[in-house]
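Participant: Please find the sequence and the predicted model below.
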Amino acid sequence: MKNLISMRDVNTQDILKLIDLAEKIETKKCKPDMSGKLAALLFFEPSTRTHFSFETAVKKLGGNSFSMSGTGSTSVKKGETLSDTLMTISMYADIIVMRHVIEGSARFASEIVNIPVINAGDGTNQHPSQAMLDLYSIKKTQNTLSNLTVGMVGDLRLGRTVHSLAQALSDFNPTFYFASPKHLQMPKYIKDDLDERNIKYEEIEDIKEVMSELDIMYVTRIQKERFAVLEDYEKVKDSYIITKKLLEGVKSNFKVLHPLPRVNEITKEVDDTEFAYYFQQARNGVFMRQAIITEILKLKY
Ligand code: CP
């Protein structure tokens, strides 16, 4: 792995290796050494988990980082291009972690700089380090990645996390239920990928009818910031609200995952149930991001 741009570039062997490494890091069976290396954390779009878990991961590895949160204090404000910004940063750092609003921006970055690039979310396209921490969370809760029934709920069209996760899980013979409002269904190119790989999936409107079959329910936020017309958002914003009552009768191994942030799509009462796993999922991000950096920078451990 030279970069991490899309889950389409990551094969099953890479996935299993990263999960194994994250597990070793979490259980302190190994301690990769990033000392003397510098990560540039470039967040052109807002972030809490991805930004701070990468920063935590770098610190825990013994490396250093510098950060950008928005362009307000940078020369982007003076009209500097993305290309020139990236070229300049690549003169200082050993690795770039970048979140940007434009789909394809991380791929573009990886093609113009001579240091590795990790895509921390490019618009509505991909969020591969999130997919990797999601896989790690699924493995930890289910003891396997294979043959699971996974419901994905919410904004499946504009939500990059579900695009990456659907592709990542398709190496492991899943059955998917995609529950979304009509205008926020999983994009055709993702469904085409699944068809090509003979993955079973069904698009549904009501998640209630399949709750008892699910091993994992992956809930996503309806993203207000991605709607051009506020009225369109208002029409769909409350389409799915996961309550404690909805979880009655689920399988004993069932878990609710969410990449977070949430707005109102999972009620607070769910947090106290044995099924809620989203905050542990965020914690798992630190171990997985340590593993990703270790693998890409080929750190000793
Ligand atoms: N899951 C995730 O990407 O969260 P942030 O937007 O807070 O980074």
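Facilitator: Received it, and whenever you're ready, just let me know what you need. Residues are numbered from 1 along each chain as shown.

Participant: Burial check on whichever residue of the stretch 101-250 of the chain sits closest to the ligand, number of neighbours?
Facilitator: Nearest residue of the stretch 101-250 of the chain to the ligand (C-beta to the nearest ligand atom) works out as Gln130 at 5.3 Å. (C-beta placed from N, C-alpha, C; glycine too.) Around Gln130 there are 28 other residues, counting by other C-beta atoms under 10 Å.

Participant: who are the neighbours in contact with it?
Facilitator: 50, 121, 160-161, 164-165, 259, 285 (C-beta atoms under 8 Å, 6 or more residues apart in numbering).

Participant: For PyMOL, what selects the buried ones among those?
Facilitator: Buried residues within those, by 16 or more other C-beta atoms under 10 Å, are selected in PyMOL with:
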select buried, resi 50+121+160+161+164+165+259+285
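
Participant: Intersect the contacts of Gln130 with the contacts of the ligand.
Facilitator: Restricting the contacts of Gln130 to those near the ligand by C-beta under 6 Å from any ligand atom leaves 50, 121, 259.

Participant: Next up, the contacts around the last one.
Facilitator: To tie it back to what came earlier, the one meant is Pro259. 49, 127, 130, 134, 161, 220, 281.

Participant: my read is the third one is in a strand, agree?
Facilitator: No. Counting by DSSP: H, G, I helix; E, B strand; the rest coil, one finds Gln130 to be helix, located in no strand.

Participant: so what's Phe66 closest to, chain neighbours aside?
Facilitator: Ala40 (6.0 Å; C-beta to C-beta, 6 or more residues apart in numbering).

Participant: now that neighbour, which residues is it bridged with?
Facilitator: Under the criterion DSSP bridges, Ala40 forms beta bridges with Phe66, Ile96.

Participant: interface residues of this protein facing the ligand?
Facilitator: 47-51, 121, 130, 259-261.
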